[in-house]
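# Attaching a predicted model along with its sequence, questions to come.
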Amino acid sequence: MTQPHHAAPLPCPLWRRLTALVYDLLAVMAIVMVVGLLCQLATGGQVVATGARTTIAWWYQPLQGLVVGAYFVVSWLRGGQTLGMRPWHIRVVGADGGKVAPGQALRRVVVAALPLLLLGLAPWLGLRGAVWAVLIGWALWFAPALVDARRRALHDIAAGTELRRIG
């Protein structure tokens, strides 16, 4: 009796990864809105103060970053997929094809978020220029996936992870 031939898991193409990311952007927007509402309710509407100059509570943006980061880390640890990855049948795995370890998930989300630091250039480049800098940064982060045999982006390389097609 012959054993069935199982094809090796296929790496995820960049277009599929980016499409899943667009889906995840919708989930992230919902998360940010809910956290914003809860913060406004908890502070009596004092998170953002308007007047001669608009100010945001010092803790609000770090909190939003932590919550959004937690969405990705928990999703990758619980099943290797975010909401956006499910319809596109892709999963984050370790380099050995196994589950992602907590340290890998944390490293992956931190490295993926690093281009957001370029928003700090806004005082010199203006908001539009800083947003473009972030987008260019992310383009450079994903560029290795175009040439890497396993289609890994920079944050995958740094974390020792990769995306694979499933099902």
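On my side now, so go ahead. Residues are numbered from 1 along each chain as shown.

# hey, which helix or strand in this structure has the poorest pLDDT?
Ranked by mean pLDDT, DSSP states H and E, the helix or strand of the chain with the weakest confidence is strand 48-49, at a mean of 84.

# Now do the strands in the chain.
Secondary structure of the chain by DSSP state E: the strands cover 48-49, 55-56, 90-94, 161-165.

# ok, which stretches of the protein are helices?
14-42, 60-79, 102-113, 122-142, 144-147, 154-159 (DSSP state H).

# out of those helices, nearest to residue 89?
helix 14-42 (8.3 Å; C-beta to C-beta). Quick note: C-beta positions are derived from backbone N, CA and C, even for glycine.

# Leaving out sequence neighbours, find the closest residue to residue 68.
Among residues not flanking residue 68 along the chain, residue 28 sits closest, at 5.5 Å (C-beta to C-beta, 6 or more residues apart in numbering).

# How many neighbouring residues does the one you found have?
19 (other C-beta atoms under 10 Å).

# isn't it right next to residue 69, touching?
No: using C-beta atoms under 8 Å, residue 28 is not in contact with residue 69, being 10.2 Å away.

# circling back to that earlier point, ok, and which of the helices of the chain has the densest surroundings?
helix 154-159 (a mean of 22; mean count of other C-beta atoms under 10 Å).

# For that one, give the mean pLDDT please.
For helix 154-159, mean pLDDT is 97.

# which one of the helices of the chain lies closest to residue 85?
So among the helices of the chain, helix 14-42 is nearest, using C-beta to C-beta, at 4.8 Å.

# name the helices or strands packed onto the closest one?
helix 60-79, strand 90-94, helix 122-142, helix 144-147 (3 or more C-beta pairs under 8 Å, 6 or more residues apart in numbering; DSSP states H and E).
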